[in-house]
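**Q** Fold the following and give me the result.
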Amino acid sequence: MVEKVLICSASETLRESAKEILGNKHNLILCEDINQCPEIITNGNVKTLLLDIENQEDVLEWIPNLIISKLIIIANHKSTQMAEKAVKLGASGYLVTPFKKEALLSCLK
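**A** Numbering: from 1, shown residues only. From the prediction side, this is the model:
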């Protein structure tokens with residue numbers, strides 16, 4: 001069974017880059033509105049979330065409540081402190097943009 005991965009970012013470029021890297025290895029769901037993530041996860045049986053936090057600290061509040069196997073935070077260099085805080089709250093890890101193909105694939109193992 002192919003694992004469902006939700007890629008959530010306001011950046012179309014980031015969503016499409018991640019989609020290109022992950023290709024047919026996963027069942028991908030793309031989302032641009034960060035506030036839709038909890039509902040998509042609940043209704044879509046999503047196992048992994050790639051979440052671009054976009055300097056939105058309020059996102060950290062709902063991280064501990066996510067029922068998900070793996071949460072990878074995507075952050076720019078300005079929001080790495082938030083990403084580190086997210087890891088303390090239960091995220092599996094984080095990537096800093098721009099990230100390399102190998103880094104993304106490694107996070108999903």
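
**Q** Identify all contacting residues around the helix or strand bottoming out on mean pLDDT in the chain.
**A** Ranked by mean pLDDT, DSSP states H and E, the weakest helix or strand in the chain is helix 59-62, scoring a mean of 80. Applying C-beta atoms under 8 Å, 6 or more residues apart in numbering, the external contacts of helix 59-62 come out as I34, P38, L51, I53, M82, K85, A86, L89. Just so you know, the C-beta spots here come from the backbone N, C-alpha and C atoms, and that holds for glycine as well.

**Q** Tell me the one among these nearest to K109.
**A** Among the contacts of helix 59-62, L51 lies closest to K109 (C-beta to C-beta), at 18.0 Å.

**Q** circling back: taking the contacts of helix 59-62 one by one, which sit in strands?
**A** For these, membership in strands holds for L51, with DSSP state E as the criterion.

**Q** Emit the ChimeraX select command for whichever of the contacts of helix 59-62 are buried.
**A** Applying 16 or more other C-beta atoms under 10 Å to the contacts of helix 59-62 leaves a buried subset, and the ChimeraX line that selects it is:
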select :34,51,53,82,85,86
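
**Q** any chance of the contacts of helix 59-62 in a markdown table, plus distance to A103?
**A** Shown next, in a markdown table, are the contacts of helix 59-62 (distance: C-beta to C-beta, whole Å):
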| residue | distance to A103 |
| --- | --- |
| I34 | 21 |
| P38 | 26 |
| L51 | 16 |
| I53 | 17 |
| M82 | 18 |
| K85 | 20 |
| A86 | 17 |
| L89 | 21 |
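
**Q** I'd assumed D52 was in contact with S79.
**A** No. Counting by C-beta atoms under 8 Å, S79 stays clear of D52, with 9.4 Å between them.

**Q** distance of I34 from I72?
**A** The gap separating I34 from I72 is 14 Å, by C-beta to C-beta, to the nearest Å.

**Q** Quick one: the helices in this protein, in order.
**A** 12-22, 37-44, 59-62, 80-88, 101-107 (DSSP state H).

**Q** That's all I had, so thanks and see you.
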